[in-house]
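Peer 1: only geometry, no sequence info:
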């Protein structure tokens, strides 16, 4: 359903690329957000399909399952792939070592697709301070962070416990 909503909210941009159209018309002081960084001309919709195909092939090869029939249209293909993965999720959780990577990739795709499809903002980035006083940017779903200044590595839990960087510290 979310995948199909992308088509409804994307509009061609005058200079190429795509914009997210407003769900409430064009009123307001801010123009639609440019999504050229998300590469929506080919990228986001085909990226969803490609990631799901990769997960299905991985699970099928690891478990000796048959590959599903590949329907011609992207919408039908995404529906088929999601259904195939859902039906084998119990097996994958118990028997496939790479299930965590697959689920993380699907989760990341969902987060990337949700904001453009619904017109909502993406995850909020928060500035935190490394022990060397450098600023790191993290989100709620950040798996970890590495400081570019000192090279310190923080896992997800450690990154979430770092002190917030004040506005003055970010500008410095």
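Peer 2: Cool, got the structure. Remember, predicted model here, so these are calculated numbers, not experimental data. Numbers count the residues shown, from 1 in each chain.

Peer 1: for the rest of this, base every contact and every neighbour count on C-alpha atoms.
Peer 2: Noted.

Peer 1: how would you label residue 69: helix, strand or coil?
Peer 2: Following DSSP: H, G, I helix; E, B strand; the rest coil, we place residue 69 in the coil state.

Peer 1: again, but for residue 132
Peer 2: coil.

Peer 1: hmm, it is touching residue 150, no?
Peer 2: Yes. At 6.7 Å, residue 132 and residue 150 qualify as touching, with contact defined as Cα atoms under 8 Å.

Peer 1: give me the element the closest residue to residue 85 other than its chain neighbours is part of.
Peer 2: Using Cα to Cα, 6 or more residues apart in numbering and skipping the chain neighbours, the partner closest in space to residue 85 is residue 56 (6.6 Å). Using DSSP states H and E, residue 56 sits within helix 43-63.

Peer 1: so the nearest residue to residue 52 once chain neighbours are set aside is in which element?
Peer 2: Excluding the flanking residues, the one nearest residue 52 by Cα to Cα, 6+ apart is residue 81, at 6.3 Å. For residue 81, the host element (DSSP H and E) is helix 74-87.

Peer 1: give me the buried positions along the helix or strand hosting residue 94.
Peer 2: Following DSSP H and E, one finds residue 94 within helix 89-95. Applying a neighbour-count criterion of 16 or more other Cα atoms under 10 Å, the buried positions in helix 89-95 are 89, 92.

Peer 1: show the average pLDDT along that helix.
Peer 2: Computed over helix 89-95, the mean pLDDT rounds to 90.

Peer 1: other SSEs contacting the next helix or strand after that helix?
Peer 2: Once the chain leaves helix 89-95, the next helix or strand it forms, by DSSP H and E, is helix 99-118. Contact here means 3 or more Cα pairs under 8 Å, 6 or more residues apart in numbering; DSSP states H and E; on that basis helix 99-118 packs against helix 2-9, helix 43-63.

Peer 1: which residues touch residue 71?
Peer 2: Contact analysis of residue 71 by Cα atoms under 8 Å, 6 or more residues apart in numbering lists 77, 80.

Peer 1: compute the distance between it and residue 82, please.
Peer 2: For residue 71, the distance to residue 82 (Cα to Cα, to the nearest Å) stands at 13 Å.

Peer 1: that's all I had, so thanks and see you.
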